[in-house]
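> fold the following.
(2 chains)
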Amino acid sequence: DAGVTQSPTHLIKTRGQQVTLRCSPKSGHDTVSWYQQALGQGPQFIFQYYEEEERQRGNFPDRFSGHQFPNYSSELNVNALLLGDSALYLCASRGLDRNSYEQYFGPGTRLTVT
Amino acid sequence: LAKTTQPISMDSYEGQEVNITCSHNNIATNDYITWYQQFPSQGPRFIIQGYKTKVTNEVASLFIPADRKSSTLSLPRVSLSDTAVYYCLVGDWDNQGGKLIFGQGTELSVKP
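Numbering: from 1, shown residues only, chains lettered A, B, ... in the order given. This is a model prediction of the structure:
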């Protein structure tokens, strides 16, 4: 059973460019959340997708947007990249059992903005 | 959302028991306490969750006093592979859904 997968593993972009990161949730999971983790900090919640809609959003600007597909996979898009967007971007999925609060995280995508 | 406070770092030696305490003075009635572990360049991994008293699984134990204003993650007989950052999270997961609020975490270093 594959866990949460993310692609690409690493990415280098130039300031002002746009980037798309991809996530496939753990099999049987329908809810996907995205987090940004700067070096030395804990992960910060960006937003959550369920039933192809954004359900919750953290304190991130509109440059950060996302999408969830019918197969539950998700994309994170960041426009007009800033140097401060350099971070590890993590995807987490949650299962159908709403009595379980455990979330499964992927390995992340390391984004470097130069 | 309840704010958590935990030590920035801790050192231990192989074979010792490690206890990491987290303070959450304004925990709400519906809040649960959850701990995650994160290795460098990996995503966090769920360790344990509890509401009150004591919870134990194959990895760790979680001790929660009656007032629930703090909690202690106990790792028995740590090994070098337990070197990681440990995060204490407090929240009402029913209402928060997938929104996890991470603090700075405790960086545990296990030495031989």
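> look up how far B:Phe46 lies from the residue in chain A that chain B sits nearest to.
Of all residues in chain A, the one sitting closest to chain B is A:Phe105 (2.8 Å; C-beta to the nearest C-beta). All C-beta spots, glycine's among them, are computed from the backbone N, C-alpha and C. The spacing between A:Phe105 and B:Phe46, counted by C-beta to C-beta, to the nearest Å, is 9 Å.
> kindly report the same for A:Cys91.
15 Å.
> name the residue in the two with the higher neighbour count.
Neighbour count, other C-beta atoms under 10 Å in any protein chain shown: between A:Cys91 and B:Phe46, A:Cys91 has more, with 28 against 19.
> give me the element that one is part of.
Following DSSP states H and E, one finds A:Cys91 within strand A:87-95.
> average pLDDT for that strand?
Strand A:87-95 comes out with an average pLDDT of 93.
> which helices and strands sit right next to the helix or strand just after that strand?
Using DSSP H and E, the helix or strand that directly follows strand A:87-95 along the chain is strand A:104-105. Other helices and strands packing on strand A:104-105, by 3 or more C-beta pairs under 8 Å, 6 or more residues apart in numbering or on different chains; DSSP states H and E, are strand A:87-95.
> residues touching the strand it packs on, excluding its own?
By C-beta atoms under 8 Å, 6 or more residues apart in numbering or on different chains, the residues outside strand A:87-95 that reach it are A:4, A:6, A:21, A:23, A:25-26, A:28-39, A:43, A:72, A:74, A:76, A:100-106, A:108-111, B:41, B:43-44, B:97-98, B:100.
> inside strands: which ones of the residues you listed?
A:6, A:21, A:23, A:29-37, A:74, A:76, A:104-105, A:109-111 (DSSP state E).
> in the sheet, who's paired with the spatially most central residue of chain A?
Residue closest to the mean C-alpha point of chain A, counted by C-alpha atoms, centre = their mean, is A:Trp34 at 3.1 Å. Beta bridges link A:Trp34 to A:Phe47, A:Cys91, judged by DSSP bridges.
> same question for B:Tyr32.
With DSSP bridges as the rule, B:Tyr32 is bridged to B:Gly91.
> test my guess that it contacts B:Leu100.
No - the criterion here is C-beta atoms under 8 Å, and B:Tyr32 misses it with B:Leu100 at 11.4 Å.
> spell out which residues are contacts of both of those two.
Common contacts of B:Tyr32 and B:Leu100, defined by C-beta under 8 Å, 6+ apart, comprise B:Gly91.
> tell me which of these two has more neighbours.
Neighbour tally, B:Tyr32 and B:Leu100, criterion other C-beta under 10 Å: the higher count belongs to B:Leu100, 26 against 18.
> show me what contacts that one?
A:33, A:35, A:43, A:45, A:92, A:103, B:34, B:36, B:89, B:91.
> look up phi and psi at it.
phi -100, psi 130 (degrees, to the nearest 10).
> what about the residue of chain B at minimum distance from chain A, how many residues nearby?
Nearest residue of chain B to chain A: B:Gly43, at 2.8 Å (C-beta to the nearest C-beta). B:Gly43 has 23 neighbours, counted by other C-beta under 10 Å.
> for the residue nearest to the centre of chain A, list the residues it contacts.
A:Trp34 touches A:23, A:45-48, A:66, A:74, A:76, A:89-92, counting by C-beta under 8 Å, 6+ apart.
> picking that back up, which among the contacts of B:Leu100 end up buried?
Buried members of the contacts of B:Leu100, counted by 16 or more other C-beta atoms under 10 Å in any protein chain shown: A:33, A:35, A:43, A:45, A:92, A:103, B:34, B:36, B:89, B:91.
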